[in-house]
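Asker: any chance you can model this:
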Amino acid sequence: MRNHFDNHRGHHLLVAKSDTQSAQTVMAEAGALFDVTYQPAGFVDASGDLCTPRAQDGKYTGKPLNKYVVRPDTNKILGLHSYAYPEWEGYSLIADMAETMFPNSATSCTLFGGGEKVALTQDLIDPVEIGPDDVIQPQICWLSSLNGSWSTAVYDLNYRLFCQNQLISETPLIKVKHSKNHDALLEMRINILEGARRRAGTFSTMAKIMRDQEFADAQFEHLVSVLLPIDHKEMTERMVDLRLTSQGACRSAWKEERQEWGPGNKWMAYNAVQGAEQHRLIGRNRKGHHSKVRALELNLNGKAPLAKRAMDLLHVQ
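Answerer: As a prediction, the model looks like this:
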């Protein structure tokens, strides 16, 4: 499947495809439809024997106290859970549910680590034009995990085609813990679709209002200084250097926005900060290398504070 945006500025997280396919196809291409097994967790005692602690009472009497989630094709341990944790057969459930709800609308799948977590996106409604050639594509993003770090959840997000910013909602449309009722509770098609449509409408209205509000270079400089202040008395030299790098990333993103769209506005200012944070600031390791998957993971975990703060400040200016 051709990646429609592969050469567009080189910064995307979830991979946008040139068309949509079934959830099963997209997840299979990403290697996400693997089997899992559940194996008793134990330890080697002082005598060198393998010891498997077991429940001493209740309905789980005799069952191992803990169990590993194991991926048999790689023998990788993906999670460790108590004996009461419900067992389910990998991510095929997510593929089947997403496809049943919204057929042939999947666009991308990202697998984290060795398969501990997964994200699947689907296009649900038509793209929204914010301005001439500035288009956002409302999507939903399914999240789930085998290590228990993510509940199964569906988020709405808006994908901006120009810079490929993914504007992810802070709160999910639905969120279901891994429990006995996990499968049944996922059957909420109307709630998901209506929630996504409602939020997409609200977001596009807000974006159009921001687009019509002028925002000068000096105002953007002030925004950056408030978002990323520098206090030479309180900050170490390294902290100052890192802060200057972050400020520079925002300025570079603002310059790209201005070069593409002309006179500044608040919508451009927000996307400059959000894009700098998503594509340049978060997801870097100590060697300075940027991981798109790591950046996506932090974004989904709510650890991208600059964009939210920028939105709050732009609303009050």
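Asker: going by C-alpha atoms from here, please, whenever you check contacts or count neighbours.
Answerer: Will do.
Asker: burial count for Ser105?
Answerer: Residues near Ser105, counting by other CA atoms under 10 Å, number 21.
Asker: so it is in contact with Gln122, correct?
Answerer: Yes: using CA atoms under 8 Å, Ser105 is in contact with Gln122, at 5.1 Å.
Asker: overlap in contacts of these two?
Answerer: Counting by CA atoms under 8 Å, 6 or more residues apart in numbering, the residues touching both Ser105 and Gln122 are Thr20.
Asker: what's Cys51 sitting at in phi/psi?
Answerer: Cys51 adopts backbone torsions of phi -110, psi 130, taken as degrees, to the nearest 10.
Asker: what's near enough to touch Ile130?
Answerer: Residues in contact with Ile130, defined by CA under 8 Å, 6+ apart, are Ile136, Ser204, Ala207, Lys208, Arg211.
Asker: then the fourth one would be within a helix, right?
Answerer: Yes: secondary structure of Lys208 (DSSP: H, G, I helix; E, B strand; the rest coil): part of a helix.
Asker: so it sits right up against Gly131, yeah?
Answerer: Yes: the pair Lys208 / Gly131 is scored as a contact, 7.5 Å apart, by CA under 8 Å.
Asker: pLDDT below threshold where in the stretch 51-200 of the chain?
Answerer: For the stretch 51-200 of the chain, the stretches flagged by pLDDT under 70 are 159, 161-170, 177-194.
Asker: what ranges does it have for its helices?
Answerer: With DSSP state H, counting those that start in this stretch, the ranges of helices along the stretch 51-200 of the chain come out as 92-101, 182-185, 189-211.
Asker: what's the closest of the ones you listed to Met27?
Answerer: Comparing the helices of the stretch 51-200 of the chain by their distance to Met27 (CA to CA), the top pick is helix 92-101, with 7.1 Å.
Asker: show the model's pLDDT score for Gly283.
Answerer: What the model reports for Gly283 is a pLDDT of 65.
Asker: ok, back up a step: from the contacts of Ile130, list the buried ones, please.
Answerer: Buried residues within the contacts of Ile130, counting neighbours by 16 or more other CA atoms under 10 Å: Ile136, Ser204, Ala207, Arg211.
Asker: can you tell me what sits against stretch 197-208?
Answerer: Residues from elsewhere that reach stretch 197-208 (CA under 8 Å, 6+ apart): Ile125, Val128, Ile130, Gly131, Pro138, Asp156, Asn158, Trp267.
Asker: now the helix or strand encompassing Leu306: how far from the chain's centre is it?
Answerer: Counting by DSSP states H and E, the element that carries Leu306 is helix 305-316. Centre-to-centre, helix 305-316 and its host chain are 19 Å apart (CA atoms, centre = their mean, to the nearest Å).
Asker: just checking, what packs against that helix?
Answerer: Counting contacts by 3 or more CA pairs under 8 Å, 6 or more residues apart in numbering; DSSP states H and E, helix 305-316 is packed against helix 217-227, helix 266-276.
Asker: distance from the chain centre to the last one, please.
Answerer: Using CA atoms, centre = their mean, we find the averaged C-alpha position of helix 266-276 to lie 18 Å away from the chain's own average C-alpha position.
Asker: quick check: mean pLDDT across that helix?
Answerer: 91.
Asker: would you mark the buried spots in it?
Answerer: Under 16+ other CA under 10 Å, the buried positions of helix 266-276 are Lys266, Trp267, Met268, Ala269, Tyr270, Asn271, Ala272, Val273, Gln274, Gly275, Ala276.
Asker: I appreciate the help and will end here.
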